[in-house]
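Q: sequence and predicted model, in that order:
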Amino acid sequence: MTPLLDVRHLVKDFPASAGLFGRGGTVRAVDDVSFAIEAGETFGLVGESGSGKTTTGRCVLRLVEPTSGEIRFKDLDVRALSARELRRARRQLQIVFQDPYSALNPRMRAGDIVEEPLIIHRMGSRDERRTRVAELFTLVGLDPEDARKLPREFSGGQRQRIGLARAIALNPSFVVCDEPVSALDVSVQAQVVNLLLDLQQRLGLTYLFIAHDLRLVRQVCTRVAVMYRGRLVEIATAERLFSGPAHPYTKALLSAMPTLQPGQKLERIPYDASTFQPLPLREIESGHYAAL
Amino acid sequence: MTPPPDAPLLRLDRLRTVFPLGDGREAAAVDDVSLTIRRGETLGLVGESGSGKSMTALSIIRLVPAPGRIASGRIELDGRNLLDLDDRGIRAVRGRRIGFVFQEPAAALNPVFTVGSQIAETVAAHGLARGASARVRAIDLLEAVRVPDPARRARAYPHQLSGGLKQRVMIALALAAEPDLVIADEPTTALDATVQAEVLDLLRDLRAKFHLSLLLITHDLGIVAAMADRVAVMYAGRIVEEATVDRLFAAPAHPYTRGLLACIPGARPGPRLAAIPGVVPALGHLAPGCAFAPRCDRRFEPCERLPPASASVEPGHETRCYLYGGATPFAPPSRGPS
């Protein structure tokens, strides 16, 4: 079966502007990253801040131009698309951002924010678009009456729902969820996660789910890739990754996860960063890859 | 006057901190909060944004931002009411008796001074050492918070340190004057998982070494489970439940606490999570009865009329919920099933 998204040898270099004493050169944020996502999956990408997971997500959509590598989405060679073709492809490839406070234009009404992609892609008449916006509001659990409100009149969770309504407005098949709930309160996180799962079922969505909350990733993802210093160090099913991590970095990361057992001291496994070697992933058991 | 050894170090009694709403009314960000922390004890104060947990901390050190003010109640440190102190008196308490660690170390450190000089200055300001000996003390403190190569790192500026190291420097600053109580407000929220675990380990060790009391403010029940002796759960300015950490996780009473525990990923088989419907109410838009009633699946007739009083589920386990008899504030506490 051909995967929905196939990423091979993705590399992204950023110019190194190391403050006052920056001497040019580049920083490799994403280093030879390859993975494939099947339709209907929730593919988790975890790692600590600066590991390159957000840049990877943005490269896949070409919100950030990759330096090299291949990105195939269905039968499209994403890196070869012209600006116009890319705009067309964006109907199918969408993103939900982390911060529901800064991701929405504060001067636009909620309804206009959700309608904007429909206008850009010249979908439907004015009335049809308005009907679609009301539909989308209902779909994400917002009151269509609230379409006239400004973002600041909504809570964080509701703003994330607006971001979601906008992301699904064009009927995408693939959505990058970049830390979609990490800015939200715990009780609201659960609501938005459940909404993402509902929408996935109803609309047949595939997710690249970028997160640092390992418990959440374990709960919602089908497969998980672990990123460290721009490289993937392990890919496995969520079940296998959490029950039998293979890479020493993954072991360290998982051992730092707080348990919910009062008084239980974590048996933490340290990771010596100086032992890190940029090795390619290899299959250590069926469907389980590690950079060993 | 020496207080008895088992007397609480800190006691909040019916603390109420209010903010004007702009229409002449005032809303209580902290409402009728009573808490105690004993010597060497760690109290976890848990809540979501807007619950009043940080405002409770700021009230304790009398740093409530204007136009907010402490309207009533008592804040006793070793039996002395901090609300009776003049400005000089409370400044002597801040840092010296009560140290604090905030979420964003970057915002709390001065970018133009080396971290060593900032710690030495704090040591000197509290009259504990001066000049060269204050600088030596700063290096000792950096070593105590396990900053590698402390003598060299003392000469670093905050921006030259990683987030985890900055938070260690913050902890060193909080400990500089050898306080009895440390208030840590989301001390690891901005840190990565592995760094968070290291900082929590450090706090745990320092607590034992310096016999500190810790008020640990967090939204993360995982951190509470790892660190706290007792837990108070706040919602909309009030403490809705208080118990030992074992008891709270094993037998949560208040529907809000139960909901919070249930919606943590991994608490039940997935992928769907148990969610609490609705949103945390905004200050000034509280329901007249129990503030949680609009989101509560167990609400019944009295919930929407008057806020429930604190009731005892069993000795040492209190909750504000009509399911546990919160309607009789002045009756003797009922005995739980034994």
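A: Now that the structure is in, tell me what you want to look at.
Q: please enumerate the strands of chain A.
A: Using DSSP state E, the strands of chain A run over residues A:5-15, A:26-37, A:42-46, A:68-73, A:76-77, A:93-96, A:174-178, A:206-211, A:223-228, A:231-237, A:282-285, A:288-290.
Q: excluding chain neighbours, what is closest to whichever residue of the stretch 101-250 of chain B sits closest to chain A?
A: As assessed by C-beta to the nearest C-beta, chain A sits closest to B:Gly222 within the stretch 101-250 of chain B, at 3.3 Å. Backbone N, C-alpha and C define where each C-beta goes, glycine included. Distances taken as C-beta to C-beta, 6 or more residues apart in numbering or on different chains place A:Pro258 nearest to B:Gly222, at 3.3 Å, with adjacent residues excluded.
Q: ok, that neighbour to B:Val199 distance?
A: With distances taken as C-beta to C-beta, to the nearest Å, A:Pro258 is found 12 Å from B:Val199.
Q: before we move on, the earlier item: and the strands of chain A: which comes nearest chain B?
A: Here strand A:42-46 is closest among the strands of chain A (C-beta to the nearest C-beta), at 7.8 Å.
Q: which neighbours does the closest one have in its sheet, and in what orientation?
A: In the sheet, strand A:42-46 lines up against strand A:206-211 (parallel), strand A:223-228 (parallel) (DSSP bridges).
Q: for these, which one sits closest to B:Ser34?
A: strand A:206-211 (38.1 Å; C-beta to C-beta).
Q: now do that closest one and strand A:174-178, the angle between them.
A: 10 degrees (axes from the mean of the first three to the mean of the last three C-alpha atoms, to 10 degrees).
Q: gap between stretch B:292-310 and the chain center?
A: In terms of C-alpha atoms, centre = their mean, to the nearest Å, the centre of stretch B:292-310 is found 25 Å from the chain centre.
Q: hmm, who's touching that stretch?
A: Contact with stretch B:292-310 is made by B:34, B:235-236, B:238-240, B:254-256, B:259, B:276-278, B:281, B:287-291, B:318-323, B:326-329, as judged by C-beta atoms under 8 Å, 6 or more residues apart in numbering or on different chains.
Q: buried set for it?
A: Using 16 or more other C-beta atoms under 10 Å in any protein chain shown as the test for burial, stretch B:292-310 gives B:292-296, B:299, B:303, B:307-310.
Q: ok, the residue in the stretch 1-150 of chain B that chain A sits nearest to - contacts?
A: In the stretch 1-150 of chain B, no residue comes nearer to chain A than B:Glu48, which is 3.9 Å away by C-beta to the nearest C-beta. Neighbouring residues of B:Glu48 by C-beta under 8 Å, 6+ apart: A:185-188, B:219, B:235, B:280.
Q: check B:Gln118 too.
A: B:109-110, B:169, B:173.
Q: tell me the average confidence for the helix or strand hosting it?
A: Using DSSP states H and E, B:Gln118 falls within helix B:115-125. Per-region confidence: helix B:115-125 scores 93 on mean pLDDT.
Q: low-confidence regions, the chain specifically.
A: Using chain A. Under the criterion pLDDT under 70, the flagged ranges of chain A are A:17-24.
Q: ah, I was thinking of chain B
A: Looking at chain B by pLDDT under 70, you get B:1-5, B:326-338.
Q: taking chain A, what residue is nearest to chain B?
A: A:Pro258 (3.3 Å).
Q: got the contact list for that residue?
A: Contacts of A:Pro258 (C-beta under 8 Å, 6+ apart): A:266, B:197, B:200, B:220, B:222-223, B:225-226.
Q: if we use 7 Å, what do you get?
A: B:222-223, B:225-226 (C-beta atoms under 7 Å, 6 or more residues apart in numbering or on different chains).
Q: out of those, who's nearest B:Phe100?
A: For the contacts of A:Pro258, the nearest to B:Phe100 is B:Ile223 (16.9 Å; C-beta to C-beta).
Q: I appreciate the help and will end here.
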